[in-house]
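Peer 1: just coords:
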C-alpha cells in the first residue's frame, strides 16, 4: 500500500464529472439507467441489480445541503476546524494531510479503504478533496446553517450523523484493523 503523506496537496482541476448512477434520494425504487456499469473485475456470477440498492438514497440525503450550490473550496476548508485529516485524490493517487491524531487507527484504515477502492476501480474515482473527522459524534449542527442569512455548511465526513446535523456519514473501516 503506497500513500503519499505530504504538506503539499496538489490542486484539483475543477471539471464537471458525470456519474453513471442516476438514482435520487426521494425515489429509491427508480430503475438504474441502461448504461449503468454492471461488470466489475470480481463477482461476474452475481446478477445485475434491476434497481439501485436502498442504501444509495442516503448519500443523496447527506449531500442535500449542497445539491443546488455544489461544494466550494471554502466549504471544504471550513471543515478543517474539527477535521483529523484531509484526503485528496488526484489522477488516481491518494494524498493525506493529518491535522491531529485520530482515535487509535481510524485515520489509517479510512485511507486504507479509499486505497482499496482506487485499486478495485482504477480510473473510476474522480479527483476528490475531502475532510474527515474521526470521532463518533456529529459537529455540523443544521441549526447553525439555517435561516435567511445562513452560510453554507462546511463539508465534513465522519462515521455518524443524526437528524440535527449535516455531517456526511462515511463507513468506519477501522474495525478491519482492530
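Peer 2: Right, received. Where do you want to start? Note that the coordinates shown come from a computational prediction; the quantities given were computed from them, not determined experimentally.
Peer 1: quick one, helices of the protein?
Peer 2: Counting by DSSP state H, the chain has helices at residues 56-62, 73-78, 106-120.
Peer 1: now for the first one, which elements pack on it?
Peer 2: Packing partners of helix 56-62 (3 or more CB pairs under 8 Å, 6 or more residues apart in numbering; DSSP states H and E): strand 168-169. Backbone N, C-alpha and C define where each C-beta goes, glycine included.
Peer 1: who touches the strand it packs on?
Peer 2: Strand 168-169 is contacted from outside by 58, 62, 63, 155, 156, 157, 158, 159, 160, 161, using CB atoms under 8 Å, 6 or more residues apart in numbering.
Peer 1: Check pLDDT for those and point me to the minimum.
Peer 2: Here the lowest pLDDT out of these sits on residue 58, with 80.
Peer 1: How many residues are close by it?
Peer 2: 14 (other CB atoms under 10 Å).
Peer 1: ok so, going back, tell me which of the helices of the chain sits most buried.
Peer 2: Highest mean neighbour count among these (mean count of other CB atoms under 10 Å): helix 106-120, with a mean of 18.
Peer 1: Please name every helix or strand in contact with it.
Peer 2: Packed next to helix 106-120, using 3+ CB pairs under 8 Å, 6+ apart, are strand 85-90, strand 93-98.
Peer 1: wait, which of the ones you listed is closest to residue 145?
Peer 2: When the helices and strands packed on helix 106-120 are compared by CB to CB, strand 85-90 sits nearest residue 145, at 21.0 Å.
Peer 1: I'd like the mean pLDDT over the closest one, please.
Peer 2: The model assigns strand 85-90 a mean pLDDT of 94.
Peer 1: Around the nearest residue to residue 153 once chain neighbours are set aside, count how many other residues there are.
Peer 2: Once flanking residues are discounted, residue 153 sits nearest to residue 145: 4.2 Å by CB to CB, 6 or more residues apart in numbering. Neighbours of residue 145 under the rule other CB under 10 Å: 14.
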